[in-house]
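Colleague: Generate a structure from the sequence data that follows.
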Amino acid sequence: MMVASSGELAAILGRVADGEQAAFEALYQATSAKLYGIIVRIVVNRSVADDLLQEVYVKAWQRAGDFDAARASPITWLATIARNRAIDEVRRRKPEPQGDIDDLDLAGDDAHPLDARARKEQLGALMACLGQLDGEKRDIVLLAYCQGLSRDALAQRFTRPVPTIKTWLHRSLAQLKACLS
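Modeller: Below is the predicted model:
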């Protein structure tokens, strides 16, 4: 692998834009390790990363004339192509179900696999905060917001006046908000 300065890479990209195959090989030698690392960190699967790296260089060959040194360094321009192509691939592929996912159905129409993980972490934080509520108040919050029970139905079920249920809900939600922030 050869190491090239930004100026050298810009000159190489200029020669690639002119269709010079030797310059393209030099560009590949100077940048492939970095671009491959970017792609692998995003898609994880090395065989997919190999294919994407090839696509990135095809695009670089086709669009080398679009490179503008005043807007970005050559490696930044190439890294942006690699990153965007890898992200497109992750979005295109649906996450495969894992064997030991919790019983909770957290799957959704997330655009990115990390979105499901973030939702799971948020749910864990919410459950921890719910655990800090008094048992009866926690039950009232869950019945009201997960089961859709009205204040009247909750008042009958817990044999409490409706204003008390309303106050408990209000205070419990304030406590949850404080816990989550």
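Colleague: Can you find the helix or strand in the chain with the smallest mean pLDDT?
Modeller: Among the helical and strand segments of the chain, the one scoring lowest on mean pLDDT, DSSP states H and E is helix 113-130, with a mean of 76.
Colleague: List the buried residues of that one.
Modeller: Buried residues in helix 113-130, counting neighbours by 16 or more other Cβ atoms under 10 Å, are found at 129-130. No exception for glycine: its C-beta is placed from N, CA and C like everyone else's.
Colleague: Can you name the next helix or strand after that helix?
Modeller: Using DSSP states H and E, the helix or strand that follows helix 113-130 in sequence is helix 135-145.
Colleague: Mind giving me the packing neighbours of whichever helix or strand comes after that following helix?
Modeller: Reading on from helix 135-145 to the C-terminus, the next helix or strand found by DSSP H and E is helix 151-158. Other helices and strands packing on helix 151-158, by 3 or more Cβ pairs under 8 Å, 6 or more residues apart in numbering; DSSP states H and E, are helix 135-145, helix 162-180.
Colleague: quick one: average pLDDT of the top helix by length along the chain?
Modeller: The longest helix of the chain (DSSP state H) is helix 21-43. Across helix 21-43, the average pLDDT comes to 92.
Colleague: for stretch 142-149, same thing?
Modeller: Mean pLDDT, computed over stretch 142-149, is 80.
Colleague: in it, what counts as buried?
Modeller: Of the residues in stretch 142-149, those with enough neighbours to count as buried (16+ other Cβ under 10 Å) are 143-144, 149.
Colleague: Buried ones in the helix or strand containing Val90, by neighbour count?
Modeller: In this structure, Val90 sits in helix 74-92 according to DSSP H and E. Neighbour-count burial for helix 74-92, with 16+ other Cβ under 10 Å as criterion, is recorded at 74-75, 77-79, 81-83, 85-86, 89-90.
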